[in-house]
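Undergrad: Below are the sequence and a predicted model; questions follow.
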Amino acid sequence: MKKIIPVLLALLFATSIKANDAVFYMSGATLVPIKETDISISKEILTITVGKDDYATVDVYYEFYNPKKSKTVTMAFEAMAPSYGPIHRDGTHPFIKDFTVQMNGSSLPFENALIESEYGKPTDYTPLTIGESDPDEEDEEGMPDGDYVYDEKQEKYVPFSYCYFFTANFKKGVNTVHHTYRYRMNQNIYANYVIDYWLTPAARWAGGKIDDFTLRIKSERYGEEICMVDSLFMGKPWDINSYQYFFYHDNPYALHGGKVEHFMLADLNPDKALEWHSTDFVPSRNITIYPADYIKPEYYWSKEGTVIVNDTDGSVHVYLAEDDTRYFSEAQDYFWIDKSTSHLETYRAQDGKGSVYSFDDKPVYVRLSPSRKADVIQVIDVPEEIPEYYDCLGYFRARNDETRWYNWWYKVNVDGIVGYIEDGRIHWEPLGDRTIEPPHDFYNYSDPSSVIIPDGVTYVLDNAFYKCGDIKSVSIPGSVKFLGNGAFRECSALESVILPDSINAIGPWTFKDCSSLTSVVLPAGVTRIQAEAFMGCTSLRSITLNSPTPPIIWENSFDPSIYKNATLYVPKGSKSAYMSKYDWKRFRNIVEK
């Protein structure tokens, strides 16, 4: 086969990782194609869609300008081999689907091959000569050790990539290229996906820029939150669909080590793309898209974390990021705290700060002393969907009498009983319930059927009234900004709820399994109703929404029976807006009032 010269596409779309505990499905590289200097990119529309099925969709529309006579160019799309997965010796990438290329309205046929490719070294795109199998025995998964394949011509193992070749006829003037494909997104313990898109090769075209560039980011799901380093896009505004935040965040997985970078966090949905547009765009860096959880701290191995302490009321909040004058936090929703009235502190388990919770599928034993031989004085049952948090009173080493090795133990307070739990059975977090509220007495109500939360309370903590089966009514003042996850879960006697205007989100499980709840009134500021918020509310017959803009909801925000049995009351003139949204139009009865 003749040596193929790549000229056109440098669409290097990849997944990357955040930790070693990950699966690599697809990885690209900053390869340099031979540049066609007299052809320029006059327009590009890049659309990236986060899918429901672990696959992302890429849709790229180009308009190229050829100033000279017609010419034929062979083009190449290269995708590096996954570290794990079967080798497709026919050259088709195992985790790419529905690969298409159209030029000037006609489909272009393509050929596949494996090529030698190593990061940081030039690639000549000469197809490798490979047999049915490699000479060395493959492992039980049918994979050689690493991203290598045996090239019979060179008689050695070489690193390889998958390549898609196609031939294009450029006419003089404007030529359109439409390129689409789907690919399996990478996963790791910190993020469900990480999407890299290499923009910088576009600078290889004439002029080194894109005359008219549009980036669109979408999701097949409602309520998909993403974050990304946005320094490349800071010069122009974004067209957003609901909410968006900007802040500085330490990015320890940047290319050259940890550094503080400028991030954007935004909400996605299927109805409208997050969109950015610029002219004379010079792609000086590439795109990386993370789920929003990327900026949220995880404490699988760490025993310390940063918190925000509000100097005004003493409340403590999780620290996510910051800008020049504010700290960024999350309770039930995202919010800012002024730096002028707050400060950061480091909570450490060793200092008796934070909380612990069980994640095990077996009961956890609390012992009288830090020894496996000590008496069991309390048992933590297997957690349900929402774990119980317990005060951490210390973290230290103690010698194991049997092995003479040292084991780490937590000193904890479990329902008023002080004891010890060996590390490995529980997790530590600086704020178990995400927020700590200064003491209030609203739990000590005289009438067990009625809860009156005093004015001045700003947060109702996670699981605050979990399984309080006597509660029939709740009075929530306008000072309350956030309802914690599962705040009223399994309040089986609760009949009605009116939420104050200060609430702007309904979190996971907030009213789950409130089987007697018949009506709920949501204020105009509510923008999100999250997963299973009203699941199991089988008696719910009336839902009043005061926002003319439909809030974002998850597919399972409501119990399926609610869609056919409840009446959805919406502001006058907004019924069509609700009917245009897939999850809202599932309601059979929508009435304007």
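TA: Sure, I can see it.

Undergrad: wait, Ser515 sits on Leu540?
TA: No. Under the criterion of Cβ atoms under 8 Å, Ser515 is not in contact with Leu540, lying 9.4 Å apart. In this view, the C-beta of every residue, glycine as well, is placed from N, C-alpha and C.

Undergrad: Please identify which of those two sits among more neighbours.
TA: In this view Ser515 and Leu540 are compared by other Cβ atoms under 10 Å, and Leu540 has more residues nearby, 24 against 16.

Undergrad: need the contact list for Ser340.
TA: In this structure, Ser340 makes contact with Thr325, judged by Cβ atoms under 8 Å, 6 or more residues apart in numbering.

Undergrad: roughly how far apart are the residue located most distally from the centre of the chain and Ala79?
TA: Distance from the C-alpha centroid of the chain peaks at Lys69, with 47.3 Å (Cα atoms, centre = their mean). Using Cβ to Cβ, to the nearest Å, one gets 33 Å for the distance from Lys69 to Ala79.

Undergrad: again with Ser278
TA: 27 Å.

Undergrad: For stretch 425-438, give the mean pLDDT please.
TA: Mean per-residue pLDDT for stretch 425-438: 67.

Undergrad: same thing with stretch 160-168?
TA: Within the predicted structure, the mean pLDDT of stretch 160-168 is 88.

Undergrad: Can you pull out the residues in contact with it?
TA: Residues from elsewhere that reach stretch 160-168, judged by Cβ under 8 Å, 6+ apart: 4, 8, 29, 72-81, 88, 91-93, 96, 99, 101, 103, 108-117, 123, 125, 127-128, 147-149, 175, 177.

Undergrad: go with 7 Å
TA: Contact partners of stretch 160-168, identified using Cβ atoms under 7 Å, 6 or more residues apart in numbering, comprise 4, 8, 72-81, 91-93, 99, 101, 103, 108-117, 125, 128, 147-149.

Undergrad: PyMOL command for the buried members of those residues?
TA: Buried members of these, defined by 16 or more other Cβ atoms under 10 Å, are picked up in PyMOL with:
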select buried, resi 4+8+73+74+75+76+77+78+79+80+81+91+93+99+101+103+108+110+112+113+114+115+116+117+125+128+147+148+149
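
Undergrad: Now intersect the contacts of stretch 160-168 with the strands, please.
TA: Of these, the ones assigned to strands by DSSP state E are 72-80, 99, 101, 103, 110-116, 148-149.

Undergrad: With adjacent residues omitted, what lies nearest to Tyr162?
TA: Counting by Cβ to Cβ, 6 or more residues apart in numbering, the nearest residue to Tyr162 once its immediate chain neighbours are dropped is His93, at 4.2 Å.

Undergrad: Might you report the residue contacts of the residue lying closest to Ser547 once chain neighbours are set aside?
TA: Distances taken as Cβ to Cβ, 6+ apart put Ala524 closest to Ser547, at 4.5 Å, once the chain neighbours are dropped. By Cβ under 7 Å, 6+ apart, the residues touching Ala524 are 501, 546-547.

Undergrad: The residues you listed into TSV, with extra columns for pLDDT, neighbour count and secondary structure?
TA: Putting the contacts of Ala524 into TSV (pLDDT from 0 to 100; neighbours: other Cβ atoms under 10 Å; DSSP: H, G, I helix; E, B strand; the rest coil) gives the following:
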residue	pLDDT	neighbour count	secondary structure
Asp501	91	11	coil
Asn546	94	17	coil
Ser547	92	18	coil
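
Undergrad: neighbours around Thr478, how many?
TA: One correction, residue 478 is Gly, not Thr. Per other Cβ under 10 Å, the neighbour tally for Gly478 reads 11.
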